[in-house]
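S.K.: sequence below, structure please.
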Amino acid sequence: MGRILLLLAILMIGFAPAPLPSPGRNTCADLAALRGEWERVSIVLSGKVGHVKPGQVTAIFKDNQLSFLSDGIVTARWTVVLDATQKPKAMDLRGDKPKNVLLGIYRREGDVLTFSCDDVGTGIRPRDFTERNRSTEVLKRKKQ
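M.R.: Next comes the predicted model:
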């Protein structure tokens with residue numbers, strides 16, 4: 001009987017599922033990949049296409065902080081919280097006030113970053129990038 005239990009224990013350990021990847025590792029890698037300066041190339045605000053002047057708006061990711069500059073002047077600062085395990089990947093931007101939160105999704109394809117969210121404070125995260133009446137911003141990495 002003891003040998004059978006030992007054999008069962010060995011088999012259970014041998015066929016145990018591998019641990020899932022740590023979400024922190026994926027999230028940290030994504031955050032590191034965003035580091036640097038990005039230029040706004042397009043923007044849709046609440047479903048309406050906005051005007052983009054080339055080089056006017058810059059986004060700077062540093063650690064978990066995101067700053068937007070317009071003509072070199074800081075216009076917004078956010079704390080970035082990523083969850084790379086979600087499908088699509090989740091990016092929350094948290095401002096300086098408790099209700100100043102954007103729940104969004106993102107994708108990075110090489111040097112292009114797309115971020116889509118609902119309006120501040122709604123608490124609604126888009127399900128995909130095709131939803132109407134959302135705000136979507138496309139940024140392109142600046143060449144150093």
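
S.K.: could you use CA atoms for every contact and neighbour count after this?
M.R.: Noted.

S.K.: what stretches of the chain score poorly on pLDDT?
M.R.: 1-26, 120-121 (pLDDT under 70).

S.K.: repeat that for 50
M.R.: 4-23, 25 (pLDDT under 50).

S.K.: mind listing the strands for it?
M.R.: Applying DSSP state E to the chain gives strands spanning 36-45, 48-49, 57-62, 65-70, 73-83, 89-94, 101-109, 112-117, 135-141.

S.K.: the first one vs strand 112-117, what angle?
M.R.: Between the axes of strand 36-45 and strand 112-117, defined by axes from the mean of the first three to the mean of the last three CA atoms, to 10 degrees, the angle is 50 degrees.

S.K.: so strand 36-45 versus strand 135-141, what angle?
M.R.: Using the same axes, to 10 degrees: strand 36-45 against strand 135-141 is 150 degrees.

S.K.: quick one: closest of the strands of the chain to residue 123.
M.R.: Closest to residue 123 of the strands of the chain is strand 101-109 (CA to CA; 6.4 Å).

S.K.: neighbouring strands - and their directions - for the closest one?
M.R.: Next to strand 101-109 in the sheet, as set by DSSP bridges, lie strand 89-94 (antiparallel), strand 112-117 (antiparallel).

S.K.: possible to save the ones you listed as JSON lines with distance to residue 38 and mean neighbour count?
M.R.: Shown next, in JSON lines, are the strands paired with strand 101-109 (distance: least, CA to CA, whole Å; neighbours: other CA atoms under 10 Å):
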{"stretch": "strand 89-94", "distance to residue 38": "16", "mean neighbour count": "21"}
{"stretch": "strand 112-117", "distance to residue 38": "9", "mean neighbour count": "22"}
